[in-house]
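have a look at this prediction, sequence included:
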Amino acid sequence: MKPNAYLLLVDDDPVLLRSMARALGAAGYFVEVAFSAAEGLRLARFRRPDLILLDVVLPDGSGIEVCRSLKEGPETSGACVVLISGLQTSSGHQELGLAAGADAYIVRPISMPDLVARIGALLRVQQAQSALRETHASLGRAAIGSTAQSSQDAAASTDRPPADAGVRAAEKIETPADLAAKLARCLDELLTIIECNASQVLEDPRLAPELRPPLTHVSVAANRGANLTLALLHYSGQQISQPRVLDLNENLERLATKLRATLGESVILEFQLASGLPPMFADPGMVEQSLLILAANARDAMPSGGRLILQTRPVHLSTSEAARFRGASAGPHICLSATDTGCGIAPDIRQRIFEPFFTTKAAGGGFGLSLAVVEDVVRQHHGWIDVQSEVGRGTTLRLHFPVTPDLPAASPKSG
C-alpha cells in the first residue's frame, strides 16, 4: 500500500460517502469527497489523487464517462479509477466501465473492511506498476548511455556495491514529516494531560486565589502547545480528513466549554446562531481545531479583555458576488464568523496573516502557523475566508463553507 495515499470519493449518497470516508480514513488514507461528476472532475484535475472511487450513476452525468475523461486527461491518466455501483453486473455497466479504462468495478453491497482491503490491493498493484515503469525507463536510459562504454568500464562497475542496497537503506530513514508527526502526537498527549488537569483545578471553587493566575498561565500555554502540535500534524500531512454530516450550531454549543477555557475569564463568549441552518459535510475535528485557533487568536488580540462573537448564518452568493473574493464560488454557503473587539490588524499585515510562520507576536507568543492551518482547513472543504479589520476596533473573520444539497439531518453524535 502506498503510504498516506490520497483518495477521492465521488458519490451522491452522503450516508455511503460518510461510511466509506470514515473506514478509509481510519485505514490511514487521506480522503476527500465530491457529490457530483463536475466536482469530481475538477478535484481530480486539481488534486491529482492516487485513487478515485467513482459511482456509476451521478446526478449530473455518467460515472463511466467521467472515468473515460479521467483516463484521457494528462493530469489524471495515472490515477487508479474504481467504479462502484448498486447495479447488477448483468446490466452491462461493468463491461462498459472496464472498456472506458476503469481499473476495477465494485458491486454493492460491500462491507467496509472488504472495501478497504480491495482499495489496498489496488494501490499495491498501482505502486508495483509505477515501479516497473520507472525500472524500464531507467534501463532504457542506461542502455543508451552504455553504448559507448568499454568492456573495461563494465568490468570495473562490478566492484561497486549493489545499487539497491543504498535504496533499501534510504527506505529505512524516516522523512522529516514522519518524525515531526510522531513528535507532535507524543507532545499532544502530554499537553492534553496538562491542559485537562489545569482546567479541572481551575474549576474547583476551593482553589486558593493566589494559585489561579499561575494555573491559568499553565492552561493557556498547554493550549498553545496543543494548537502547535495540531499544526505540525496538519503540515506533515498526517492529519487524516474524516468528513461527515454535522450540525455546525450543535458542534459550537458542544465546544463552548473548551472555547471559554481557551479565551480565559477576561473575554466574554457570545453565540449568535441562525435557526434552520442546513447541515454541512465536514471533518468535525478540523472544524473544532479551527474554532479553537480563532478563539486563541482573539484572546491574544484582547489582552485586557473583550468580547468574541461566533455567528452562523446561511448565505447565497451570486456569480458577481463570488468574483469579489479569492477562491469563492457561487451558490448556497454556511458562513461562520468570528468577531472580536481587539486591537485590529493593520492593512499591510492583513495581507500576510495566512502565511505559514508569519507572526507579529513576541518570542514564545506564537509560531505563525495557526491561521495558515485555518485557511488550509477551509480550502480543503472547498470554502474561503473573508477578513475585515480596523485598527483599534477589532477583527471579523468569515469562514464560508459550501452547502451540499440533499444532505440528511446530522446525527446527534456527529463531531
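Everything's here; your move.

which residue ranges make up each domain of this protein?
Structural domains annotated on the chain: 6-118, 174-240, 241-415, as defined by automatic domain parsing.

which one of the ones you listed has the lowest average pLDDT?
Per-stretch mean pLDDT for those is lowest at domain 174-240 (a mean of 68).

ok so, going back, of the domains of the chain, which approaches residue 126 most closely?
Shortest separation from residue 126 across the domains of the chain is recorded for domain 6-118, at 4.7 Å, computed as Cβ to Cβ. C-betas here are computed from N, CA, C, even on glycine.

what's the neighbour count on residue 217?
Around residue 217 there are 11 other residues, counting by other Cβ atoms under 10 Å.

now do residue 14
20.

surely it and residue 35 touch.
Yes - the pair residue 14 / residue 35 is scored as a contact, 7.4 Å apart, by Cβ atoms under 8 Å.

which neighbours do those two have in common?
Any residue near both residue 14 and residue 35 by Cβ atoms under 8 Å, 6 or more residues apart in numbering counts here, and that gives 281, 404.

quick one: secondary structure of residue 17?
Taken by DSSP: H, G, I helix; E, B strand; the rest coil, the conformation at residue 17 corresponds to helix.

list the contacts of it.
Under the criterion of Cβ under 8 Å, 6+ apart, the contact list for residue 17 reads 9, 11, 33, 35, 243, 281.

please enumerate the strands of the stretch 1-150 of the chain.
Using DSSP state E, counting those that start in this stretch, the strands of the stretch 1-150 of the chain run over 6-10, 30-34, 51-55, 57-58, 61-62, 80-85, 104-107.

most tightly packed of those?
Burial of those is given as mean neighbour count (mean count of other Cβ atoms under 10 Å); strand 51-55 ranks first at a mean of 26.

contacts for that strand?
Applying Cβ under 8 Å, 6+ apart, the set of residues contacting strand 51-55 from outside is 5-13, 20, 40, 44, 63, 66-67, 70, 76, 79-85, 102, 119, 122-123, 126.

list the pairing partners of that strand within its sheet, with orientation.
Paired neighbours of strand 51-55 in the sheet (DSSP bridges): strand 6-10 (parallel), strand 80-85 (parallel).

ok so, going back, quick one: which of the strands of the stretch 1-150 of the chain is nearest residue 269?
Smallest distance to residue 269 across the strands of the stretch 1-150 of the chain (Cβ to Cβ): 31.7 Å, for strand 30-34.

packing partners for that closest one?
Using 3 or more Cβ pairs under 8 Å, 6 or more residues apart in numbering; DSSP states H and E as the contact test, the elements touching strand 30-34 are strand 6-10, helix 14-26, helix 37-47.

and the last one, what does it pack against?
Other helices and strands packing on helix 37-47, by 3+ Cβ pairs under 8 Å, 6+ apart, are strand 6-10, strand 30-34, strand 51-55, strand 61-62, helix 63-72.

can you add distance to residue 386 and give these back as TSV?
Below are the helices and strands packed on helix 37-47 laid out as TSV (distance: least, Cβ to Cβ, whole Å):
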stretch	distance to residue 386
strand 6-10	27
strand 30-34	23
strand 51-55	32
strand 61-62	32
helix 63-72	32
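
and residue 301, which of those is closest to it?
Across the helices and strands packed on helix 37-47, residue 301 has its closest neighbour in strand 30-34 (32.5 Å, Cβ to Cβ).

what does the closest one contact?
The list of residues contacting strand 30-34 from outside it, by Cβ under 8 Å, 6+ apart, reads 4-11, 17, 20-21, 24-25, 40, 42-43, 47, 49, 237, 240-243, 281, 380.

next one: that strand to chain centre, how far?
Strand 30-34 sits 9 Å away from the centroid of its parent chain (Cα atoms, centre = their mean, to the nearest Å).

picking that back up, can you redo the contacts of residue 17 as a markdown table with distance to residue 354?
Formatted as a markdown table, those follow (distance: Cβ to Cβ, whole Å):
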| residue | distance to residue 354 |
| --- | --- |
| 9 | 28 |
| 11 | 32 |
| 33 | 24 |
| 35 | 27 |
| 243 | 22 |
| 281 | 24 |
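
max pairwise distance over those residues: which two?
11 and 243 (12.4 Å).

who's more crowded, the two?
A count of neighbours by other Cβ under 10 Å puts residue 243 above the other of residue 11 and residue 243, at 26 against 23.

is it true that that one touches residue 280?
No - in this structure, residue 243 sits apart from residue 280 without contact. The criterion is Cβ under 8 Å, and the distance is 9.1 Å.

which residues does residue 44 contact?
Residues in contact with residue 44, defined by Cβ under 8 Å, 6+ apart, are 8, 52, 70, 75, 76, 79.

please report the distance of residue 72 from residue 81.
When Cβ to Cβ, to the nearest Å is applied, the distance between residue 72 and residue 81 equals 11 Å.

overlap in contacts, those two.
Listed as contacting both residue 72 and residue 81 by Cβ under 8 Å, 6+ apart are residue 101.

what is the burial count for residue 260?
Taking other Cβ under 10 Å as the criterion, the count of residues near residue 260 is 16.
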